[in-house]
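J.: Sharing a sequence plus its predicted fold:
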Amino acid sequence: MKRGNLVKVFIFLFLFPLFSYAQNNFQIEKKKEHYGIRDGKKWRVRPKYDQIIQVSVECYILQKDDHYGLYYHDPIERYDFYGNDVYKLIRPIYTGLNKPVNGVFSMSDETGLFALYDAQGKRASDFVFKEIKHHPTHTFCKNRMDQWALYSGSLYYSYFLADSIFPLDNSTLAFIGRQQDGGYNSMAVVYKNGKVISNLDYNPDFGKKKTWIQRGKTFAIADENAYFSEIWYIGLETLPNGNYLVQTSSKEYGILNADMDPVLPTMYSDFKVLPNGNYLLRKTGGGFGIFTSELDTIIQPIFHKIVFQGKYILGKQHYYNGDDFYLFNEKGEPLLQDYDLIEEIAPGRYLCQKSDEISYNRTVIKKPKFTIYQCNKGFTDMDLEVKPKLKEGFYRIDKSTTYYYMNKEMTKRSKEFPVGYIQRTGYRKGSWLTVLFKAITVIPLVVDLITGSNPSGAGSYSYEEKVYGEDFQNGLAKITQKNEKGIIKFGLIDTSLKVIIPGTYANFTVYDEFIFAQKTDKWGLVDRQGHVLTNFIYEDYYEPYEGFIIFYTGSYYHLFTSKGEKTKVPAFTSYEYNYNGELVITTKESKKYTVTNDGEFIPLER
């Protein structure tokens, strides 16, 4: 085919139908008391009808002798081969007509069943309906099973089948309920603007007063005009005072009053009702706070953590350079503010830390200072140098020159004991930079060489170290006391916080049944009541094993029972334990013996 002929075929098949459609100019004209539809000089519908109602440019309702037909543009076969519009005519066979509302109309036959059409003449599938009610944006149709369906202006089916329609006084909407087991269990709402909200739980108060509307596990508020709130809540709980706790889809809590008006905005990520009826809240992206049930602020929501301790409340704020602690009473009144640490050590008693900033060599150093605060009484001890630690149910409270012990409940305390001082020796590393500096200045170096000093600055130095008592161990604690010469010695106190062994010893090692004690530089054994069990003549001792104690003195070992009784085993120069865990000794005569649990010694067979 020639190129020119191809162009002609393209114009005929594609451009001509568009041109032809654009040139349609239908007019309803009257001729001799009857109406028809003319397209220019051509009658599309001959003038033989009593009335013609134009629904749209593509659809016309034809009336003749109380019967109705339809002339419409075929939605399936729109154009013929030559590009002409394809219109179809339905003869006036319908006996009833519901005039178009928002482009949708219906016609009924002699059986009383209705067919539903849109503005283009498209029929709502092949369904016929027993009853039809037109809404400004939708149409309600009752099928042969007496169920109502909902169609939009374009005949979109809602798939929500209802048993009844309840028109409300408010003309902006309609109400649909689905019936089951003698009652309604779901509903849908259609607004004048075309918005449809379906799958709602049935609520007989809807449209009558402000009420909750539920859809599955979500909730919204509908007022007396049946308008929904913009927020759908995923959680709803009635609080003891009648208010409502709500939660949004973003997991944020808020509170509505009994009238469903917001009294606390949905801006809290955590919510908890406390035993006293107050609320513990955490602001989204912020901190915890406490409010009364009337939403009066007790503690501002600025704390990283809040801990309830009886009648008192501990709050902690977190900053990049540390934490700040606060203590409140149950009314939210601050008792302690801006501390580095507040820690409960007993009911109503708190250990507090606040550091002093000291400038040293252009550097700011924080020196911690500890105090003990007792609620309703104030601070009981000030300026503690060391943080008290709980050991075996007792605290050791260290002050600047004294210390004492208290039980966990802080209802009982010991007397105060003096802090001891021990001379220690340290060694300072030298620096050849110091030598270089002295060499440059000459004179200090000459002085060092004459006096015999170390030019590098290295050497030993003396300093004093504070000595406190020790924490409880095995029910006893080592304490310091001054003897009649004012020299610090060690004694022991028990859990009654009374001194059972006065400060007459240089050192102790406490075990469950006995105590290794040292006088001057020699060791011996005493019981837990302070009674001396052995002489203080031994240079060293070794860990007890299987009920035996080994002392060492004068190049020999000596075996004692845990009661301080010397066994029949002779002095020995060395010992070991065999694979059975038995003690094997070697005497000064180089003889080996196995020691039984009864303290008997048996020659070891070679």
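T.: Ah, there it is.
J.: surely V196 meets M187?
T.: No. V196 is beyond contact range of M187, at 11.5 Å (criterion: Cβ atoms under 8 Å). (Glycine included, C-beta is placed from N, CA and C.)
J.: between the two, who's got more neighbours?
T.: M187 (24 against 18; other Cβ atoms under 10 Å).
J.: just the strands in the stretch 1-150 of the chain please.
T.: In the stretch 1-150 of the chain, the strands defined using DSSP state E, counting those that start in this stretch lie at 26-31, 34-39, 42-49, 51-56, 59-64, 67-73, 87-94, 96-101, 104-108, 114-117, 131-134, 138-142, 148-152.
J.: which outside residues touch the second one?
T.: Yep, that's strand 34-39 we're talking about. 24-29, 43-52, 60, 71 (Cβ atoms under 8 Å, 6 or more residues apart in numbering).
J.: Please pull out the lowest mean pLDDT helix or strand from the protein.
T.: The helix or strand of the chain with the poorest confidence is helix 16-22; it has a mean of 46 (mean pLDDT, DSSP states H and E).
J.: Return, as residue ranges, the portions of the stretch 1-150 of the chain with sub-threshold pLDDT.
T.: In the predicted model, the stretch 1-150 of the chain carries pLDDT under 70 at residues 1-24, 126.
J.: After the helix or strand F325 falls within, which helix or strand is next? Please name it.
T.: Using DSSP states H and E, F325 sits within strand 322-329. The element immediately downstream of strand 322-329 (helix or strand, assigned by DSSP H and E) is strand 334-339.
J.: For that next one, name the packing helices and strands.
T.: Applying 3 or more Cβ pairs under 8 Å, 6 or more residues apart in numbering; DSSP states H and E, we find strand 334-339 packed against strand 322-329, strand 349-360.
J.: Let's see that with 6 Å instead.
T.: Secondary-structure packing of strand 334-339 (3 or more Cβ pairs under 6 Å, 6 or more residues apart in numbering; DSSP states H and E): strand 322-329.
J.: Residues in contact with the strand it packs on: which ones?
T.: Applying Cβ atoms under 6 Å, 6 or more residues apart in numbering, the contact partners of strand 322-329 are 313-317, 334-339, 341-342.
J.: Repeat that for stretch 344-364.
T.: For stretch 344-364, contacts defined as Cβ under 6 Å, 6+ apart pick out 309-310, 339-343, 365-371, 373-375, 409-410.
J.: Mind checking which of those are buried?
T.: Buried subset of the contacts of stretch 344-364 (neighbour count, 16 or more other Cβ atoms under 10 Å): Y339, D340, L341, I342, F370, T371, Y373, C375, M410.
J.: Chain neighbours aside, what residue packs nearest to the first one?
T.: Nearest-residue entry for Y339: F325, 4.6 Å, with adjacent residues in sequence omitted and distances by Cβ to Cβ, 6 or more residues apart in numbering.
J.: From D383, how far off is the one you found?
T.: Counting by Cβ to Cβ, to the nearest Å, the gap from F325 to D383 is 19 Å.
J.: So between these two, which is more surrounded?
T.: Higher neighbour count among F325 and D383: F325, with 22 against 10, using other Cβ under 10 Å.
J.: For the more buried one, name its beta-bridge partners.
T.: F325 has the following beta-bridge partners by DSSP bridges: K316, Y339.
J.: just to revisit the earlier point, how about a markdown table for the buried ones among the contacts of stretch 344-364, with secondary structure and distance to P92 added?
T.: Formatted as a markdown table, the buried ones among the contacts of stretch 344-364 follow (DSSP: H, G, I helix; E, B strand; the rest coil; distance: Cβ to Cβ, whole Å):
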| residue | secondary structure | distance to P92 |
| --- | --- | --- |
| Y339 | strand | 94 |
| D340 | coil | 95 |
| L341 | strand | 95 |
| I342 | strand | 93 |
| F370 | strand | 103 |
| T371 | strand | 103 |
| Y373 | strand | 99 |
| C375 | coil | 96 |
| M410 | coil | 103 |
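J.: From these, pick the one nearest Y253.
T.: The closest of these to Y253 turns out to be I342 (Cβ to Cβ; 28.6 Å).
J.: next structured bit after the strand or helix carrying D383?
T.: Taking DSSP H and E as the criterion, D383 maps to strand 378-384. Once the chain leaves strand 378-384, the next helix or strand it forms, by DSSP H and E, is strand 390-391.
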